[in-house]
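Asker: Next one to model:
(one chain, ligands or ions: 2)
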Amino acid sequence: MSLLKAIIFDLDGTLVDSARDLRDAVNILLVQEGLRQIDLGEVKSMIGDGAPKLVERAIAATGGDLSRLPTLVTRFLEIYEANASRHTEAYPGVADTLAGLRALGLPLGVVTNKPFGATIDILEALGLRTYFDAVIGGDTLPERKPHPAPILAALKQLGVAPEAALMIGDNYHDVQAARAAGVRTFAVTYGYSHKPHAELGADRLIDTMSELLPIVANTAAA
Ligand SMILES: O=C(O)COP(=O)(O)O
Ligand SMILES: [Mg+2]
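Answerer: Ligands and ions are numbered 1, 2, ... in the order given. Okay, the predicted model is just below:
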């Protein structure tokens with residue numbers, strides 16, 4: 001790997017397992033609407049394109065009225081943002097890896113389709129906020145992944161060129177956004193991918209975040 005000067009991480013499905021809190025918030029909304037609740041597997045298949053899309057998929061899957069979507073998205077965000085970090089936890093190896101990367105002097109960023117407010121709440125609740133010099137949420141810019149703009153905005157804040165950066169995500173949108181931004185990509189083989197990981201088009205797959213530090217450290221030493 002050529003010289004690496006910054007790493008951008010996706011949040012949901014990559015740094016944190018947030019599916020239970022998302023499921024619980026969706027289900028409060030569905031119950032209020034008189035619709036059936038969804039299970040963890042269903043919600044995982046709906047995560048990745050931001051909160052409005054999650055609500056749209058949940059309402060469509062349970063036979064609700066999609067014409068009321070804007071109201072339902074607003075209500076979902078109120079419900080979710082009040083309890084975004086109740087059951088959400090960092091995946092194995094995440095905290096140690098972030099600390100190790102910072103010790104190597106690498107600036108780190110988060111680029112997520114999750115709303116910025118909930119993103120900051122979760123990072124703070126899990127003690128991860130201090131590792132990141134740039135955090136871009138799904139509502140920070142008019143565009144979100146798979147558009148490259150959020151990645152380019154994070155790299156601008158970090159002062160690093162795309163060719164010197166690496167994006168790590170769990171979803172094809174992460175890989176597409178990174179490619180469009182001219183950034184290398186790794187994909188994790190856990191998380192909420194809607195496609196088989198081998199088909200995401202990432203430069204490399206990693207099974208756990210703990211694999212990252214040795215790869216990056218070896219590159220730095222080479
Ligand atoms: O909020 C979502 O749907 C997904 O967020 P992510 O971009 O962190 O995977
Ligand atoms: Mg993700």
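
Asker: Give me the three-state assignment for residue 185.
Answerer: Here residue 185 is strand, with the state taken from DSSP: H, G, I helix; E, B strand; the rest coil.

Asker: What count of nearby residues applies to it?
Answerer: Neighbour count of residue 185, defined by other Cβ atoms under 10 Å: 23. Every C-beta, even on glycine, is put in place using the N, C-alpha and C of the backbone.

Asker: Show the pLDDT at it.
Answerer: Listed pLDDT for residue 185 reads 98.

Asker: and the gap between it and residue 168?
Answerer: Note on residue 185: its distance to residue 168, by Cβ to Cβ, to the nearest Å, is 7 Å.

Asker: residues shared between the contacts of the two?
Answerer: When contacts are counted by Cβ atoms under 8 Å, 6 or more residues apart in numbering, residue 185 and residue 168 have residue 174 as shared neighbours.

Asker: Can you point out the buried residues in stretch 196-207?
Answerer: For stretch 196-207, burial by neighbour count (16 or more other Cβ atoms under 10 Å) applies to 197, 200, 202, 206.

Asker: Do you have the strands of this structure handy? List them.
Answerer: Ranges of strands in the chain, per DSSP state E, are 6-9, 16-17, 89-90, 108-111, 134-136, 165-169, 184-188, 204-206.

Asker: closest one to residue 73 among those strands?
Answerer: Distance to residue 73, taken as Cβ to Cβ, is lowest for strand 134-136 among these, at 19.8 Å.

Asker: counting contacts, what elements does that closest one pack onto?
Answerer: strand 108-111, helix 116-125, helix 149-158 (3 or more Cβ pairs under 8 Å, 6 or more residues apart in numbering; DSSP states H and E).

Asker: Quick check: of the buried residues of stretch 196-207, which lies closest to residue 16?
Answerer: Within the set of the buried residues of stretch 196-207, residue 206 lies nearest residue 16; the separation is 16.1 Å, counting by Cβ to Cβ.

Asker: what residues are up against that closest one?
Answerer: For residue 206, the contacting residues are 168, 186-189, 212, 215, taking Cβ under 8 Å, 6+ apart as the criterion.

Asker: Tell me the one of these nearest residue 102?
Answerer: Each of these was checked against residue 102 using Cβ to Cβ; the closest is residue 212, at 12.7 Å.

Asker: What is the neighbour count of the closest one?
Answerer: Around residue 212 there are 23 other residues, counting by other Cβ under 10 Å.

Asker: Now it: closest residue in space, sequence neighbours ignored.
Answerer: residue 97 (5.3 Å; Cβ to Cβ, 6 or more residues apart in numbering).

Asker: does residue 209 really touch residue 100, like I thought?
Answerer: No. Here residue 209 does not reach residue 100: they are 10.2 Å apart, not a contact under Cβ atoms under 8 Å.

Asker: what about the two, which has more around it?
Answerer: In this view residue 209 and residue 100 are compared by other Cβ under 10 Å, and residue 209 has more residues nearby, 23 against 17.

Asker: how close does the more buried one get to residue 162?
Answerer: Shown here: residue 209 relative to residue 162, a distance of 22 Å by Cβ to Cβ.

Asker: rewinding a little: contacts only, for the residue nearest to residue 212.
Answerer: Taking Cβ under 8 Å, 6+ apart as the test, what residue 97 contacts is 209-210, 212-213.
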